[in-house]
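> could you work out the structure for the sequence below:
(one chain, ligands or ions: 2)
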Amino acid sequence: MAVFEMNHPLIQHKLSYLRNKNTDTKSFRENLNEIASLMTYEAGKTLELKEIDTETPIQKTKTKVLASQVSIVPILRAGLGMVEGIVNLIPTARVGHIGVYRNEETLEPVYYYCKLPQGIEKGKVFLVDPMLATGGSANYAIDYLKEKGCKDIQFLCIIAAPEGIKKVEEKHPDVDIYVACVDEGLNEKSYIYPGLGDAGDRIFGTK
Ligand code: PRP
Ligand code: URA
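Ligands and ions are numbered 1, 2, ... in the order given. Below is the predicted model:
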């Protein structure tokens, strides 16, 4: 497994807004989606192309288009905050949803919903969630996707704790992780520090 930390200055600049506790919901959402777009540009380098016949105003030629279907699967709720940014770059992508939340006492993932695009297992899957903390939610979602036959999964997250990366790495060495920043660690409540707080609450304004 490879971990790609996105040190691009624009990503780091926008991440600074996400971390700031005074950033309002509107600005948080906008910056999150913009980072998701920039990360997709980088993660999209692994997408395969096929040649098709195309007629320009001048002549017939061969052009290149994406060879296989891309599916985006946000882990609800917070992963939803990245979907628009990704779809802006890959408008043909289909979107599945997997609902998993972390029980704040046991830290175990709790499953509550799933709807995946038909044939998802034949193409590339971008599993997305802004936060990789203990790794429980990500591992649950990857297990689930693999049970459905998915073989080509990349995980895109904004902030990860080293503990979470290790856990995913151990269980799913075939899944590459694209992350805007690997933070210092997990605090006593297993929140990432310095982190950005609770991503879902900040995207949806629930607290
Ligand atoms: C957050 C986050 C991840 C999970 C990460 O979701 O969006 O899904 O926690 O923690 P973990 O790596 O320790 O599992 P949360 O459970 O708060 O649900 P929400 O998106 O509905 O707010
Ligand atoms: N979930 C979040 O939203 N933030 C964290 O720091 C950890 C889990």
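
> roughly how far does the most centrally placed residue in the chain sit from ligand 2?
In the chain, the centroid-proximal residue (C-alpha atoms, centre = their mean) is residue 128; its distance is 2.2 Å. Residue 128 is 14 Å from ligand 2, where distance means C-beta to the nearest ligand atom, to the nearest Å. C-beta here means a position set from N, CA and C on the backbone, and glycine is covered the same way.

> could you pull out the strands for this protein?
3-5, 49-55, 60-66, 70-76, 94-95, 97-102, 109-115, 124-128, 131-132, 152-160, 176-182, 185-186, 192-193 (DSSP state E).

> hmm, residue 136 and residue 107 touching each other?
Yes - counting by C-beta atoms under 8 Å, residue 107 touches residue 136, with 6.1 Å between them.

> of the two, who's got more company?
Neighbours were counted for residue 107 and for residue 136 using other C-beta atoms under 10 Å; residue 136 has more, 21 against 15.

> was I right about that one contacting residue 110?
No - taking contacts as C-beta under 8 Å, residue 136 lies outside contact range of residue 110: 9.6 Å.

> what's around whatever residue of the chain ends up closest to ligand 1, how many residues?
Nearest residue of the chain to ligand 1 (C-beta to the nearest ligand atom) works out as residue 200 at 2.4 Å. Residue 200: 19 surrounding residues under other C-beta under 10 Å.

> OK, contacts around it?
Neighbouring residues of residue 200 by C-beta atoms under 8 Å, 6 or more residues apart in numbering: 77, 78, 206.

> would you list the buried entries among the residues you listed?
Buried members of the contacts of residue 200, counted by 16 or more other C-beta atoms under 10 Å: 77, 78.

> now the contacts of residue 200 in a markdown table, with pLDDT and distance to residue 15?
Listed next are the contacts of residue 200 as a markdown table, based on pLDDT from 0 to 100; distance: C-beta to C-beta, whole Å:
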| residue | pLDDT | distance to residue 15 |
| --- | --- | --- |
| 77 | 97 | 20 |
| 78 | 98 | 15 |
| 206 | 97 | 22 |
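
> related to what we said a few turns ago, give the residues shared as contacts by residue 136 and residue 110.
Joint contacts of residue 136 and residue 110 (C-beta under 8 Å, 6+ apart) are residue 102.
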